[in-house]
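Participant: Could you work out the structure for the sequence below:
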Amino acid sequence: MNVFELRERLISDYSSYIRSFIRIRDERVGALVTSCLDQGRLWPDPLIQLNPSFQYAGTIDDLVAEGVLHSECTRIFRAGKDKGEGKPLRLYQHQADAIRRARAGRNYVLTTGTGSGKSLAYIVPIVDHVLRHGSGRGIQAIVVYPMNALANSQFGELQKFLQLGYPDGKGPVTFARYTGQERDEERNAIVAKPPDILLTNYLMLELILNRVYEKQLVKAAQGLRFLVLDELHTYRGRQGADVALLVRRAREFFGATHLQVVGTSATLAGPGTYDQQQAEVAEVASVLFGDEVAPSDVIGETLQRSTPEEYAVDDASPLIPSIMSLHRVRGQKPLLLRG
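Facilitator: Modelled structure (predicted):
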């Protein structure tokens, strides 16, 4: 199958569909609309991109040996646990950087690409915090997703790490998904016995703060330590303002005087140098969270060269960005657009 020919067929069919219900009497307006359609304004050009190779930075076991993580993390975070005992989980550089910042009590934003394991960059610190302070002391972390599908995916990952390998699947850290898709009895059980980690969406978090029925959850989250907003780029314009106010209300309702905020996104990008991008993302995140996120705590990806050094293209070459130079760029991600 030729993917480009397939694209052309799809675009042709879609173009015919769009044009079929456009009837413009004014000739000048009609000509302008037709010109825009001919130029492909409603569909992007084909995109070809590299599958990046992220640089590794040791394992979970290495951080445990350094004292950065609780010793039980060695047992929890292992690769291949579904097939047996598994092996030490390797970390990318940006994951290790995020874990160290979390251990230092800093707010941070992760702006690495799709498939870079951003969720581990906040799940590992959250689990470590619960292990150090004890489970069953109420909700210690809330992770907010823009869509239930993302919450469902993360729920499956937590099951793999926090239940596999433990008797009866009961690990040392509890978690639950609290969205509009759970049955009443499931939500009643969560309210009656709140978990250490709560996965939800921003609409449900709003309801938790307002409904009398969920007052027990608000009480259980007093002194909340972590608040994570996944997919930060979705919170812009009016929705971004709503979520920014929600974060401030949550901080007040939960009495979270020592709250750590974390954000992630694969599509925070923009022009300028890497330092300029860090500063812009930090500014936007600080406004959204209502708390300072330093530019140095905006964590980009570190890529590993996949080609020999001798084939590198000079930065002055008109072919930049080229395949070689892409391996030297750290964190070139789009900035959050504010509307």
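Participant: what's next to the helix or strand that Arg132 is a member of, contact-wise?
Facilitator: Taking DSSP states H and E as the definition, Arg132 sits inside helix 120-133. Applying C-beta atoms under 8 Å, 6 or more residues apart in numbering, the external contacts of helix 120-133 come out as 60, 69-70, 72-73, 76-77, 91, 94-95, 98-99, 102-103, 110, 140-141, 143, 154, 157-158, 161-162, 172-173, 196-197, 225-226, 228, 262, 264, 299. Any C-beta I mention is one placed from the backbone N, CA and C, and that applies to glycine too.
Participant: Could you rerun that using 7 Å?
Facilitator: With contact meaning C-beta atoms under 7 Å, 6 or more residues apart in numbering, helix 120-133 is reached by 69-70, 72-73, 76-77, 94-95, 98-99, 102-103, 110, 140-141, 172-173, 196-197, 225-226, 228, 262.
Participant: Out of the residues you listed, list just those in helices.
Facilitator: 73, 76, 94-95, 98-99, 102-103 (DSSP state H).
Participant: rewinding a little: what is the orientation angle of the helix holding Arg132 with helix 93-103?
Facilitator: Helix 120-133 runs at 30 degrees relative to helix 93-103, counting by axes from the mean of the first three to the mean of the last three C-alpha atoms, to 10 degrees.
Participant: Kindly export helix 120-133 (C-alpha atoms) in PDB.
Facilitator: The C-alpha trace of helix 120-133 is given here as PDB (Å, rounded to 0.1, in the frame of the first residue of the first chain):
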ATOM      1  CA  LEU A 120       5.900   7.700  34.900                       C
ATOM      2  CA  ALA A 121       7.500  11.100  35.500                       C
ATOM      3  CA  TYR A 122       4.800  11.900  38.000                       C
ATOM      4  CA  ILE A 123       3.500   8.400  39.000                       C
ATOM      5  CA  VAL A 124       6.900   7.400  40.400                       C
ATOM      6  CA  PRO A 125       7.300  10.500  42.600                       C
ATOM      7  CA  ILE A 126       3.700  10.100  43.800                       C
ATOM      8  CA  VAL A 127       4.100   6.500  44.700                       C
ATOM      9  CA  ASP A 128       7.400   7.200  46.400                       C
ATOM     10  CA  HIS A 129       5.700   9.900  48.500                       C
ATOM     11  CA  VAL A 130       2.900   7.600  49.600                       C
ATOM     12  CA  LEU A 131       5.500   4.900  50.500                       C
ATOM     13  CA  ARG A 132       7.400   7.300  52.600                       C
ATOM     14  CA  HIS A 133       4.400   8.800  54.400                       C
END
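Participant: Please report the distance of Lys219 from Gly138.
Facilitator: Separation of Lys219 from Gly138 (C-beta to C-beta, to the nearest Å): 8 Å.
Participant: still on that earlier bit, which two among the ones in helices among the contacts of helix 120-133 are spaced furthest apart?
Facilitator: Using C-beta to C-beta, the two most remote members of the ones in helices among the contacts of helix 120-133 are Ile76 and His94, lying 20.3 Å apart.
Participant: show me what contacts the nearest residue to Arg187 once chain neighbours are set aside?
Facilitator: Distance criterion C-beta to C-beta, 6 or more residues apart in numbering; nearest residue to Arg187, sequence neighbours excluded, is Tyr178 at 6.6 Å. Neighbour list for Tyr178: 187, 190, 198-200, 204 [criterion: C-beta under 7 Å, 6+ apart].
Participant: returning to that earlier point: ok, of the contacts of helix 120-133, which come out buried?
Facilitator: For those, a burial check counting by 16 or more other C-beta atoms under 10 Å picks out 69-70, 72-73, 76-77, 94-95, 98-99, 102-103, 110, 140-141, 172-173, 196-197, 225-226, 228, 262.
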